[in-house]
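Visitor: no sequence for this one, just the structure:
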C-alpha cells in the first residue's frame, strides 16, 4: 500500500532555532499534502494545505511566516518551524493524497514529535 | 462547513465486550466519513470509510460502522474487544469532492482485562 514517511520522527531544539520536518510519499506522487498539529490529548488540527509548485494555503490562525511550507516536488513537502518557542512543541503529522479509481485516498505519515526547550 | 462530534472522550470496556464509539457529523453537502485509530506517538491508521456505497462499512481488525443519514451518525462498533484495541479513535468527515478533512476530538478506548 501507499506509504508516507516523515523525518525526523522526533526532534528537540532550543528556543529561537528553526526546525525542518520532511514529509515524503514513498511510492506515489502527491500533488496535495496536508500538515496537521496535535497537542497532547487533543485532536488533529489542520495547519495548511501544501500544493506542489504553488504556495501553501494556511488555515485561519496559523502564522504562515512561522510555519513555512515548501512542496517542491511531487513526493516531498517540508514544514519549517522558524524561531521555535516552547508553545510550538507538538506532534506534527502530514498526509498525502493519491488519486485512484475510487477518487482520492488519504495516507498519513507517522508523525514528528517536536519539543522546544 | 462540516464538523464532527465524538461523544465520550474516554470509553472503558472489558475484554470480550462490545465496543461502541459514537460519532455524529454535520455537513452541508453529502459527506465522506472515516474512522482512524492512533496508537501512542504514532500517526493515524485508517480503520474504515464511508463513501456513499453500502451504509454498513466493514473495516480492519473486526471494526464496522453504520452510516445513518437520519441520525447524522457514524458509530463505530466491534463485537468483542481485544486488549490490542486500546488506542485513540478519531472520527472524521470531508465533504464529497473535497480533500480537507475535519477530525473529531477523539475517544480513548481502554480495554480492561
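Guide: All right, it came through fine. Quick caveat: nothing in here was measured; it's all calculated off a predicted structure.
Visitor: what's the span of stretch A:20-29 from first residue to last?
Guide: Start-to-end span of stretch A:20-29 (CA to CA, to the nearest Å) is 21 Å.
Visitor: gap between that stretch and the chain center?
Guide: Distance of stretch A:20-29 from the chain centroid (CA atoms, centre = their mean, to the nearest Å) equals 10 Å.
Visitor: buried residues in that stretch?
Guide: Buried residues in stretch A:20-29, counting neighbours by 16 or more other CB atoms under 10 Å in any protein chain shown, are found at A:21, A:22, A:23, A:24, A:25, A:28. All C-beta atoms are positioned from the backbone trio N, CA, C, and that covers glycine.
Visitor: what does that stretch rub up against?
Guide: Applying CB atoms under 8 Å, 6 or more residues apart in numbering or on different chains, the external contacts of stretch A:20-29 come out as A:2-8, A:11, A:33, A:35, A:74-81, A:92, A:94, A:96, A:98, A:107, A:109, A:112, A:114.
Visitor: give me the subset of these touching chain B.
Guide: Within the set of those, contact with chain B (CB under 8 Å from any CB of the partner chain) is found for A:4, A:6, A:109.
Visitor: Flag the shaky bits of chain A, pLDDT-wise.
Guide: A:1-2, A:100-103 (pLDDT under 70).
Visitor: which one among the buried residues of stretch A:20-29 gets closest to chain B?
Guide: When those are compared for distance to chain B (CB to the nearest CB), residue A:23 wins out at 10.6 Å.
Visitor: wait, is that closest one part of a helix?
Guide: No. Applying DSSP: H, G, I helix; E, B strand; the rest coil, one finds residue A:23 to be strand, outside a helix.
Visitor: next helix or strand past the longest strand seen in chain A?
Guide: Identified as the longest strand of chain A according to DSSP state E is strand A:90-100. Counting by DSSP states H and E, the next helix or strand C-terminal to strand A:90-100 is strand A:103-108.
Visitor: just the angle between that next one and strand A:90-100, please?
Guide: Orientation of strand A:103-108 against strand A:90-100 (axes from the mean of the first three to the mean of the last three CA atoms, to 10 degrees) gives an angle of 150 degrees.
Visitor: can you pull the buried residues of strand A:103-108?
Guide: Going by neighbour count (16+ other CB under 10 Å), the buried part of strand A:103-108 is A:105, A:106, A:107, A:108.
Visitor: helices or strands up against it?
Guide: If you count contacts as 3 or more CB pairs under 8 Å, 6 or more residues apart in numbering or on different chains; DSSP states H and E, strand A:103-108 packs onto strand A:90-100, strand B:44-50.
Visitor: Scan the ones next to chain B among the contacts of stretch A:20-29 and report the most crowded one.
Guide: Neighbour counts for those, by other CB atoms under 10 Å in any protein chain shown, peak at residue A:109, which reaches 28 neighbours.
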